[in-house]
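Engineer: Here is my input, please return the structure:
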Amino acid sequence: MSDLSNHKLWIIGGLAACATATTGYLLYRSLAKKKEFVEVGKLEQIFIYPVKSCRGLAVQHGDCTKRGMKFKVLKDRHWLIINGENTFVTGRQQPRMILITPSLSEDGRYLLLDAPEMTTLKVPIDASEISEGDPKILDTRVWGQGIQGVYCGKEAEDWLSKYLQNPGYKLIYASADVTPRYVNQVKRAREIAKKDDAIAYQDEAPFALMSEKSVEDLNKKLDKPVSVRNFRPNLVVSGCSAYSEDNWKFIKIGSSVLRHMKCDDRCYLTTVDPETGIPSATKEPLATLKKYRKCKEEDKPLYKDSPLLGVHLGIDQEGSLSVGDTVYAVCQ
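Structural biologist: Modelled structure (predicted):
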């Protein structure tokens, strides 16, 4: 090969390297811009809901995991109440469930449940302690999607049946051996989920977040104010404007990075008073939300006529967080 040919090859190779480097740099700048976190507020409250539709447990710190919020050995919405036909039950059908209060025993071995005029129920967290031999596994469905759970025993069944005033209510637990529900298989959420977004008994996302100001703005429009507990969020942020959470594409709190999936479309459960378990006769705050928090016309296939308040989140990086942590977001 001649020196001239070698020289041409060097020039072509150099241009290709420059082009590759330029493309890489532009891609880096693009990705960096997408993940440009800015301070948006402070983490004011953390809630975990061990039993779906029961009262939230306020905690000072927790872990964000692939399947949702975790506090010590308690996992968010990993226990579920089902009826005699093994159909899942929520506060929509049984508003008094809202008053069942969970906690963790001092030794960390038991989920404790308390309710008005009831003795404390102790539910072993280790499935092997519930019954001798192999745990009893029950099949159920959550919003049409099949999932199993470990039967939590006759004592829990009797306790729930007495409190809810109907026989056959049972408690099941999504232990580590239970295959989770994958969000991309939830009919209305499959377009907004990643392949590994997994949940136990949550409706359709591992996390729910809202800002204090969003609730404050809503309360200005109501005759009787409501609290954040009406909306059952995991994370409550202060120091930002009302509804600003709608536009946070990524959220960094502590060592956790969360990802916007969709706005949280609200239902009848928000009308149940979290302190009394009694639904609102005027269907508030849902009625007022429907007047000003409807989705855009192009988003109706996803949200239909449900009003929006707060956001549902997936997780991009597992980590821990604490009340008082600074909240950073990539705004879209």
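Engineer: what's near enough to touch residue 184?
Structural biologist: Shown in contact with residue 184 (Cβ atoms under 8 Å, 6 or more residues apart in numbering): 190, 193-195, 197. The way it works is simple: take the backbone N, C-alpha and C, and place the C-beta from them, glycine included.
Engineer: Residue 163 contacts residue 114, correct?
Structural biologist: No - the pair formed by residue 163 and residue 114 falls short of the contact definition of Cβ atoms under 8 Å, at 10.3 Å.
Engineer: anything in contact with each of those two?
Structural biologist: Common contact partners of residue 163 and residue 114 (Cβ under 8 Å, 6+ apart): residue 100.
Engineer: Which one of these two is surrounded by more residues?
Structural biologist: Applying other Cβ atoms under 10 Å to residue 163 and residue 114 shows that residue 163 carries more neighbours, namely 20 against 14.
Engineer: tell me the pLDDT at the more buried one?
Structural biologist: On pLDDT, residue 163 comes in at 98.
Engineer: gap between it and residue 117?
Structural biologist: As judged by Cβ to Cβ, to the nearest Å, residue 163 and residue 117 stand 8 Å apart.
Engineer: list residues touching both of these two?
Structural biologist: Taking Cβ under 8 Å, 6+ apart as the criterion, residue 163 and residue 117 do not both touch any residue.
Engineer: number of nearby residues for residue 149?
Structural biologist: 28.
Engineer: Kindly apply the preceding question to residue 102 instead.
Structural biologist: 20.
Engineer: so how far is residue 130 from it?
Structural biologist: 17 Å.
Engineer: Next: residue 115.
Structural biologist: 20 Å.
Engineer: With residue 154 instead?
Structural biologist: Taken as Cβ to Cβ, the span from residue 154 to residue 130 is 10 Å.
Engineer: More neighbours: these two, which one.
Structural biologist: Neighbours were counted for residue 154 and for residue 130 using other Cβ under 10 Å; residue 130 has more, 21 against 11.
Engineer: for that one, what are its contacts?
Structural biologist: 123-124, 150-153.
Engineer: Show me which of the residues you listed are buried.
Structural biologist: The neighbour-count test (16 or more other Cβ atoms under 10 Å) marks 123-124, 150-153 as buried among these.
Engineer: any idea where the helices of the stretch 151-300 of the chain begin and end?
Structural biologist: According to DSSP state H, counting those that start in this stretch, the stretch 151-300 of the chain carries its helices in the segments 154-163, 212-219, 286-292, 300-303.
Engineer: and the longest one, what does it pack onto?
Structural biologist: It refers to helix 154-163. Applying 3 or more Cβ pairs under 8 Å, 6 or more residues apart in numbering; DSSP states H and E, one finds that helix 154-163 contacts strand 121-124, strand 170-173.
Engineer: Could you identify which of the ones you listed is most buried?
Structural biologist: Ranked by mean neighbour count, these are led by strand 170-173 with a mean of 24 (mean count of other Cβ atoms under 10 Å).
Engineer: If we ignore the residues flanking it in sequence, what's nearest residue 202?
Structural biologist: residue 77 (4.7 Å; Cβ to Cβ, 6 or more residues apart in numbering).
Engineer: what's the burial count for that neighbour?
Structural biologist: With other Cβ under 10 Å as criterion, residue 77 counts 25.
Engineer: Contact partners for it?
Structural biologist: Contacts of residue 77 (Cβ under 8 Å, 6+ apart): 49-52, 68, 199-202.
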